[in-house]
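**Student:** structure here, sequence nowhere to be found:
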């Protein structure tokens with residue numbers, strides 16, 4: 001690593017340490033020489049100018065909060081002297097700043113072209129329980145079928161969850177919509193729905209929520225009615241494999257790819273390396289006519305205007321405003337502040353306020369035009385960059401990305417996580433130390449940005465993405481890390 005610290009924008013009043021710095025050490029930032037006044041851990045910030053008490057502190061060229069005391073040049077800037085300035089509700093104005101269209105990439109991948117025109121990156125059989133009571137049953141069926149049909153499809157996988165009963169109204173509908181959306185996913189060459197029989201989320205309603213054009217690829221078993229639910233499930237999967245087993249990969253353009261972008265366990269380097277790197281990939285995919293999905297709505301608070309200004313039209317802008325303010329009301333209606341974020345891991349990694357976290361997080365969406373806004377459980381409608389309703393929770397938001405139609409998820413992390421989801425999930429480390437320490441978790445080292453630059457690293461990551469889309473296993477797939485989590489917002493009976 002050639003640099004020891006980085007000031008991202010000339011307007012910034014702080015710089016980020018790229019390695020551990022020692023009190024008294026002199027750091028060169030462009031033409032400025034700053035002596036740090038305390039030990040500064042990698043990913044943490046220090047002041048590069050004098051900051052008055054109450055003054056905004058700038059990073060990424062935007063305010064990330066206000067100084068709670070006067071801060072001298074070289075001092076550590078963190079939770080002890082920096083606080084959020086976020087308000088519970090926002091008033092927004094549409095100032096269109098649509099980006100220029102980038103040159104389309106000629107890259108291709110080897111995917112499965114489905115009869116409805118969508119492309120899949122895997123050809124699997126998915127087993128979805130309608131209710132938590134048969135989650136283990138679904139898992140048993142999938143495990144036996146996976147062994148039975150090894151080599152005929154890319155895998156047979158169950159996605160258990162604890163819901164589907166004791167739910168009411170919109171809460172129950174959201175569970176049904178999410179499962180129906182997963183049952184409609186192109187990576188599922190066939191789907192087995194496993195029900196109990198007495199649950200609120202009845203199989204009949206769940207089947208009706210699956211698009212008619214997909215229902216010939218769906219089978220179902222009601223455990224209370226079946227003499228042997230395991231045998232019935234295996235027989236149904238035999239039928240599905242007969243339908244899906246002849247699919248073959250073919251060369252497809254990048255325009256057929258749908259990437260979901262996500263960050264989890266972020267650190268102070270995430271917004272400098274991994275997130276903007278993923279943004280480059282999102283830009284390449286959308287420029288080619290493909291789609292990118294950005295979610296984690298509470299983790300754009302403080303940076304939402306940047307996305308609003310890229311809305312393709314006033315209607316999309318209003319959709320973003322409604323989504324952001326609705327999520328803020330979700331917090332305040334539960335008596336919680338909108339700024340109760342970052343997490344303890346984020347703070348340990350150098351992120352102080354939600355504004356700072358958000359300004360780093362939105363970079364995963366690159367600079368593409370925002371073409372659509374989707375509610376939780378809805379499915380992709382348009383090419384370009386779509387903003388999807390879901391919370392910041394890793395498992396819930398990643399499941400929402402998959403259900404919306406993402407066929408690959410790009411997951412950035414500064415702290416590391418083993419989690420995997422229904423679609424191939426590429427783990428991208430913000431720093432090389434994590435990539436070296438956890439090679440069993442990490443697929444790509446974005447720390448290379450600090451050595452080789454953003455252009456070279458972006459090209460390498462795009463090659464990684466197309467290789468995974470063409471069948472290369474991710475670390476999570478090798479580790480059999482696949483799960484879903486549903487967002488429960490209502491009462492439990």
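**Tutor:** Received the coordinates, thanks. All values reported here derive from a predicted model rather than from experimental measurement.

**Student:** so what's residue 347 closest to, chain neighbours aside?
**Tutor:** Nearest residue to residue 347 in three dimensions, chain neighbours excluded: residue 79, at 6.2 Å (CB to CB, 6 or more residues apart in numbering). Bear in mind the C-beta positions are built from the backbone N, C-alpha and C, glycine included.

**Student:** in this structure the one you found contacts residue 356, no?
**Tutor:** No. Here residue 79 lies out of contact with residue 356, judged by CB atoms under 8 Å, at a distance of 11.0 Å.

**Student:** the more surrounded of those two?
**Tutor:** residue 356 (29 against 13; other CB atoms under 10 Å).

**Student:** helix or strand: which one has the more buried one?
**Tutor:** Using DSSP states H and E, residue 356 sits within helix 354-361.

**Student:** that helix: how far from the chain's middle?
**Tutor:** When C-alpha coordinates are averaged (CA atoms, centre = their mean, to the nearest Å), helix 354-361 and its chain have centres 15 Å apart.

**Student:** neighbours of residue 460, how many?
**Tutor:** Using other CB under 10 Å, residue 460 is surrounded by 16 other residues.

**Student:** could you look up the SS state of it?
**Tutor:** What DSSP: H, G, I helix; E, B strand; the rest coil gives for residue 460 is helix.

**Student:** so it touches residue 448, yeah?
**Tutor:** Yes. Residue 460 is within contact range of residue 448, at 7.3 Å (criterion: CB under 8 Å).

**Student:** that older thread, by contact count, what packs against the helix holding residue 356?
**Tutor:** strand 62-67 (3 or more CB pairs under 8 Å, 6 or more residues apart in numbering; DSSP states H and E).

**Student:** please name the bridge partners of residue 66.
**Tutor:** residue 56, residue 83 (DSSP bridges).

**Student:** residues near it, how many?
**Tutor:** 19.

**Student:** that one contacts residue 51, doesn't it?
**Tutor:** No. Judged on CB under 8 Å, residue 66 makes no contact with residue 51 at a distance of 9.3 Å.

**Student:** now the helices for the stretch 51-200 of the chain?
**Tutor:** Assigned by DSSP state H, counting those that start in this stretch, the helices in the stretch 51-200 of the chain fall at 135-148, 169-183.

**Student:** does anything pack onto the first one? Which helices or strands?
**Tutor:** Read that as helix 135-148. Where contact means 3+ CB pairs under 8 Å, 6+ apart, helix 135-148 is packed against strand 124-129, strand 155-158, strand 188-195, helix 229-244.

**Student:** ok, now the longest one?
**Tutor:** With contacts taken as 3+ CB pairs under 8 Å, 6+ apart, helix 169-183 sits against strand 124-129, strand 188-195, helix 203-209, helix 394-404.

**Student:** using CSV, please lay out the ones you listed together with mean pLDDT and mean neighbour count.
**Tutor:** What follows is the helices and strands packed on helix 169-183, written out as CSV (pLDDT from 0 to 100; neighbours: other CB atoms under 10 Å):
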stretch, mean pLDDT, mean neighbour count
strand 124-129, 98, 28
strand 188-195, 98, 27
helix 203-209, 97, 16
helix 394-404, 98, 25
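
**Student:** and the ones you listed as CSV, adding distance to residue 312?
**Tutor:** Below are the helices and strands packed on helix 169-183 laid out as CSV (distance: least, CB to CB, whole Å):
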stretch, distance to residue 312
strand 124-129, 33
strand 188-195, 30
helix 203-209, 29
helix 394-404, 18
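
**Student:** please name whichever of those is nearest to residue 298.
**Tutor:** Residue 298 sits nearest to helix 394-404 of all those, at 9.8 Å, using CB to CB.

**Student:** residue 260: what's it in contact with?
**Tutor:** 292, 293, 295, 398, 401, 402, 404, 406, 408, 409, 410, 423 (CB atoms under 8 Å, 6 or more residues apart in numbering).

**Student:** can you list the strands that the host helix or strand of it pairs with?
**Tutor:** Counting by DSSP H and E, the element that carries residue 260 is strand 258-263. Sheet pairing for strand 258-263, assigned by DSSP bridges, gives strand 291-294 (parallel), strand 408-413 (parallel).

**Student:** out of the helices and strands packed on helix 169-183, which is closest to residue 374?
**Tutor:** helix 394-404 (6.1 Å).

**Student:** quick one: contacts of that closest one?
**Tutor:** For helix 394-404, contacts defined as CB under 8 Å, 6+ apart pick out 178, 181-182, 185, 260-262, 264-265, 293, 295-296, 374, 376-380, 386, 388-391, 409, 411, 417, 419, 421-423, 425, 483-487.

**Student:** relative to helix 169-183, how tilted is it?
**Tutor:** Relative orientation of helix 394-404 and helix 169-183, computed by axes from the mean of the first three to the mean of the last three CA atoms, to 10 degrees: 60 degrees.

**Student:** contacting residues around the closest residue to residue 361 other than its chain neighbours?
**Tutor:** With CB to CB, 6+ apart as the criterion, residue 361 has its nearest non-adjacent residue at 4.8 Å, and that residue is residue 299. For residue 299, the contact set (CB under 8 Å, 6+ apart) comprises 263, 341, 354, 357, 358, 361, 392.

**Student:** go again using 10 Å as the cut-off
**Tutor:** By CB atoms under 10 Å, 6 or more residues apart in numbering, the contact list for residue 299 reads 262-264, 266, 341-342, 346, 354, 357-358, 360-362, 364, 391-392, 397.

**Student:** kindly report the same for residue 405.
**Tutor:** Residue 405 makes contacts with 118, 181, 184-187, 258, 260, 291, 293, 374, 378-381, 386, 388, 423, as judged by CB under 10 Å, 6+ apart.

**Student:** the residues you listed, buried ones only, as a PyMOL selection?
**Tutor:** Applying 16 or more other CB atoms under 10 Å to the contacts of residue 405 leaves a buried subset, and the PyMOL line that selects it is:
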select buried, resi 118+181+184+185+186+187+258+260+291+293+374+378+380+386+388+423
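
**Student:** grab the nearest non-local neighbour of the residue nearest in space to the middle of the chain.
**Tutor:** Closest to where the C-alpha atoms of the chain average out (CA atoms, centre = their mean) is residue 262, at 2.2 Å. Counting by CB to CB, 6+ apart, residue 411 is the residue found nearest to residue 262 once chain neighbours are left out, at 4.8 Å.
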